[in-house]
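*Asks:* next one to model:
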Amino acid sequence: MNFSDKPLTSVPPIIAIDGPAGAGKSSVAIRLAAFLGLPYLDTGAMYRAVGLMAHRQGWRPPLDPATDGPKISRLAEGRLRLVPEAERMRVWVDHVEVTDEIRSPECSAMASAVSALSEVRRALVPEQRRMGLLNGGVMEGRDIGSVVFPDAALKVFLTASPRTRAERRYRELTARGLDVSLEEVLKDQSERDLRDSSRADSPLQVASGAVVVDTSGMELDEVVERLAALFLDVKRPADSASAIHEGEK
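*Replies:* Alright, predicted model coming up:
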């Protein structure tokens, strides 16, 4: 993976957004990052890319941690390139861009399966941390506040009712021309929720100190405004302390 060699002389602000599929994490994180002038960091894209490589080589869920984990964890070595942009994370595998391809239902299923493998998580989490430490940003995933950045300036757990989440995902998939039914999406989502919350390594959970925001019935702008206000609330005391420290010099 290629990241800047910029020295990590300070820790930029990190906003960690976790939650189940369909809670609105990506849409909220993209809009919030743009509003606050911070990079948008999609860690899920990393697992999707590894899932795509595994799928291409014939792996299918369920995966065996003992036999599949070590082999799949090595797939990403020197083959991934990620570039954060204002509204998405662009991803290349072997110098071929797969930014759109990793959003398929097959990649979603594989992403959930490979993310449950301890070896894969151990390979990707250090890169996620480095990516965040370079310039800060709004980082979304399943374990950002609990594992990747437990000391993030703001930790948020976005959720919504299962039906609401499935309807959002259904609209997203059909808008991309995919032939799926709402019932199929709801079933896949239920299975993914179970995998994500019951995996032994870094299960989906509300991180200590995280603010839980239920987005059911909320418009996107409402959620973004809520999170921006939360971030500014936690940022003001830090800014005040910094100003006092500067004045004492």
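*Asks:* show me what contacts the nearest residue to Pro65 once chain neighbours are set aside?
*Replies:* Closest residue in space to Pro65, ignoring its immediate chain neighbours: Leu117 at 5.6 Å, by C-beta to C-beta, 6 or more residues apart in numbering. Where you see a C-beta, it was placed from the backbone N, CA and C, and this is true even at glycine. Going by C-beta atoms under 8 Å, 6 or more residues apart in numbering, Leu117 touches 63, 65, 68-69, 72-73, 201.
*Asks:* how about Asp18?
*Replies:* So Asp18 contacts 25, 140-146, 155-158, 204, 206-207, 210 (C-beta under 8 Å, 6+ apart).
*Asks:* which one of those residues is nearest Tyr170?
*Replies:* Checking these against Tyr170 with C-beta to C-beta, the nearest one is Lys25 at 16.7 Å.
*Asks:* so what's the residue nearest the centre of the chain closest to, chain neighbours aside?
*Replies:* Nearest residue to the geometric centre of the chain (C-alpha atoms, centre = their mean): Gly141, 2.4 Å. Once flanking residues are discounted, Gly141 sits nearest to Thr43: 3.9 Å by C-beta to C-beta, 6+ apart.
*Asks:* dihedrals phi and psi, the one you found?
*Replies:* Dihedral angles of Thr43 (phi, psi; degrees, to the nearest 10) stand at phi -70, psi -30.
*Asks:* low pLDDT regions in the chain?
*Replies:* Counting by pLDDT under 70, the chain contains low-confidence ranges at 1-11, 237-249.
*Asks:* for it, what spans make up the helices?
*Replies:* Using DSSP state H, the helices found in the chain span residues 25-36, 44-56, 65-73, 105-115, 118-135, 162-175, 182-198, 220-248.
*Asks:* residues contacting the second one, please?
*Replies:* Outside of helix 44-56, the residues within contact range by C-beta under 8 Å, 6+ apart are 26, 72, 75-76, 79-80, 82, 89, 91, 93, 98-99, 101-103, 106-115, 120, 124, 127-128, 140-142.
*Asks:* contacts only, for Ser104.
*Replies:* Residues near Ser104 by C-beta under 8 Å, 6+ apart: Leu178.
*Asks:* try 10 Å
*Replies:* Residues near Ser104 by C-beta atoms under 10 Å, 6 or more residues apart in numbering: 48, 51-52, 55, 110, 173, 176, 178.
*Asks:* now, which of the residues you listed sits nearest Lys187?
*Replies:* Using C-beta to C-beta, the contacts of Ser104 come closest to Lys187 at Leu173, 13.4 Å.
*Asks:* and for that closest one, the neighbour number?
*Replies:* Each residue near Leu173 was counted by other C-beta atoms under 10 Å, and the total is 19.
*Asks:* name the nearest residue to it, ignoring sequence neighbours.
*Replies:* Val180 (5.2 Å).
*Asks:* contacts only, for that neighbour.
*Replies:* Shown in contact with Val180 (C-beta under 10 Å, 6+ apart): 105, 169-170, 173-174, 188.
*Asks:* any idea how far Asp221 is from Leu32?
*Replies:* Separation of Asp221 from Leu32 (C-beta to C-beta, to the nearest Å): 11 Å.
*Asks:* who has more neighbours out of these two?
*Replies:* Shown here are Asp221 and Leu32; by other C-beta under 10 Å, Leu32 has more neighbours (24 against 11).
*Asks:* show me what contacts the more buried one?
*Replies:* Each residue near Leu32 by C-beta under 10 Å, 6+ apart is listed here: 15, 17, 38, 40, 138, 140, 154, 156, 223-228, 231.
*Asks:* and for Gln57?
*Replies:* Neighbour list for Gln57: 71-72, 75 [criterion: C-beta under 10 Å, 6+ apart].
*Asks:* stretch 159-171: how far from the chain's middle?
*Replies:* Taking C-alpha atoms, centre = their mean, to the nearest Å, one finds the center of stretch 159-171 at 17 Å from the center of the full chain.
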